[in-house]
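Peer 1: generate a structure from the sequence data that follows.
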Amino acid sequence: MSDTEASGKLRLDKWLWAARFFKTRSLAADAAESGKVQVNGARAKPARLVASGDRLLVRVGPYEHELEVLGVSPRRGPAPEARKLYRETEGSLRKREELAAQLRAQPVPAFKGRPTKRDRRQMERLTGKD
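Peer 2: Numbering: from 1, shown residues only. Sure thing, here's the model as predicted:
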């Protein structure tokens with residue numbers, strides 16, 4: 001165990017990986033580098049140390065997670081164990097559920113593969129490109 005783990009702090013990319021927000025640590029590091037993760041309202045680099053009590057904003061795909069760090073773990077465990085590392089705010093849960101409902105309600109495009117000449121003409125007619 002390193003000194004930072006003993007003091008209750010852990011690198012942001014390791015914590016995001018252990019809390020199961022990303023499948024690999026390199027994906028977690030890339031997300032932090034690209035600004036998809038904020039710690040206490042500020043953009044964070046992957047090596048930033050997080051500890052209990054820190055507030056995180058994590059964007060994964062179209063979803064935003066507002067979290068409070070409850071603990072750190074240097075290893076990636078099962079999902080129920082990972083959920084004990086953080087608490088998500090009620091507002092964040094509500095927003096994610098509403099967004100998920102909106103995404104489910106959107107029609108799925110029926111196109112499979114390359115459109116035929118007839119399909120292309122219909123699309124042009126709909127978009128006004130006659």
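Peer 1: mind listing the strands for the chain?
Peer 2: 9-11, 37-39, 42-43, 49-51, 55-60, 63-69, 86-88 (DSSP state E).
Peer 1: for the first one, packing partners?
Peer 2: To tie it back to what came earlier, the one meant is strand 9-11. strand 49-51 (3 or more Cβ pairs under 8 Å, 6 or more residues apart in numbering; DSSP states H and E). (C-beta placed from N, C-alpha, C; glycine too.)
Peer 1: give the buried residues for the strand it packs on.
Peer 2: Residues of strand 49-51 classed as buried: L49, V50 (neighbour count, 16 or more other Cβ atoms under 10 Å).
Peer 1: likewise for stretch 88-97?
Peer 2: Within stretch 88-97, the residues scored as buried using 16+ other Cβ under 10 Å are S92, R96.
Peer 1: so for that stretch, mean pLDDT?
Peer 2: Across stretch 88-97, the average pLDDT comes to 94.
Peer 1: now do that stretch: distance to the chain's middle.
Peer 2: Mean-position distance between stretch 88-97 and its chain equals 13 Å (Cα atoms, centre = their mean, to the nearest Å).
Peer 1: now swap in stretch 12-27 and tell me
Peer 2: Distance, centroid of stretch 12-27 to centroid of chain: 10 Å (Cα atoms, centre = their mean).
Peer 1: contact partners for W17?
Peer 2: T24, R25, A28, R76 (Cβ atoms under 8 Å, 6 or more residues apart in numbering).
Peer 1: top of those residues by number of neighbours, please.
Peer 2: Neighbour tally across the contacts of W17 (other Cβ atoms under 10 Å): the maximum, 25 neighbours, falls on A28.
Peer 1: which non-adjacent residue is nearest R96?
Peer 2: Distances taken as Cβ to Cβ, 6 or more residues apart in numbering place Y63 nearest to R96, at 5.2 Å, with adjacent residues excluded.
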